[in-house]
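> Build me a structure from this.
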Amino acid sequence: MAARSTVQSFDWPTLQVVQNIAPEIPTAYLTPAGFRFRNHGSAPEMIKAAGGGTWSAHFGDLDAQNVKEAQALGLKVLAWTVNEPVDMGRLLDLGVDGLITDRPDLARKLLEERGLRWR
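Numbering: from 1, shown residues only. As a prediction, this is how the structure comes out:
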């Protein structure tokens, strides 16, 4: 199957790993279509310019400023993969729209403690 496959990704470091461990498999480096990076100063601006409605960011990359910026642009903000209650609480305090977690039990408990609906 490797001879008939190509690994494509927006995540260029992942493609470099593929090239190192399986150089016989071709890789394709994807970039957002239809706009130039230099015209957009932040991830939320890039997502908005691309027509996106949701920014799913690593939880460590989110702060009050970029969450507010994204939401002011009309984007929903999701934080991934947040597994520690202290981090979950910080992100909820920032006003993220959702959490992606491997620990839904801990997220549910925290949301219930804060009187927030979960689904």
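> how about the strands in the chain?
7-9, 27-29, 54-58, 76-80, 98-99 (DSSP state E).
> Of these, which shows the lowest average pLDDT?
If you rank the strands of the chain by mean pLDDT, strand 27-29 sits at the bottom with a mean of 59.
> what's the least confident helix or strand in this structure, going by average pLDDT?
Across the helices and strands of the chain, mean pLDDT, DSSP states H and E gives its lowest value to strand 27-29, namely a mean of 59.
> And for N83, the neighbour number?
N83: 15 surrounding residues under other CB atoms under 10 Å. (Glycine included, C-beta is placed from N, CA and C.)
> no no, T81
12.
> Which residue, other than its chain neighbours, is closest to it?
Excluding the flanking residues, the one nearest T81 by CB to CB, 6 or more residues apart in numbering is I100, at 5.6 Å.
> Looks like the one you found contacts A79 (just checking).
Yes. Applying CB atoms under 8 Å as the test, I100 and A79 come out as touching, 6.7 Å apart.
> and for the two, which residues touch both?
Counting by CB atoms under 8 Å, 6 or more residues apart in numbering, the contacts common to I100 and A79 are S56.
> what about those two, which has more around it?
Between I100 and A79, counting by other CB under 10 Å, A79 is the more crowded of the two (26 against 16).
> so what's the more buried one up against?
A79 makes contact with S56, A57, H58, F59, L62, L91, V96, G98, L99, I100 under the criterion CB under 8 Å, 6+ apart.
> Can you flag the buried ones in the residues you listed?
Burial by neighbour count, 16 or more other CB atoms under 10 Å: within the contacts of A79 this picks out A57, F59, L62, L91, V96, G98, L99, I100.
> Compile those residues into CSV and extend it with columns for distance to A2.
Listed next are those as CSV, based on distance: CB to CB, whole Å:
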residue, distance to A2
A57, 32
F59, 34
L62, 37
L91, 39
V96, 39
G98, 36
L99, 36
I100, 31
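> Tell me the one of those nearest M1?
Proximity to M1 was ranked across the buried ones among the contacts of A79 by CB to CB; first place goes to I100, at 29.8 Å.
> can you list the domains in this protein?
1-30, 40-113 (automatic domain parsing).
> most tightly surrounded among those domains?
Mean neighbours per residue, mean count of other CB atoms under 10 Å, is largest over the domains of the chain for domain 40-113, with a mean of 16.
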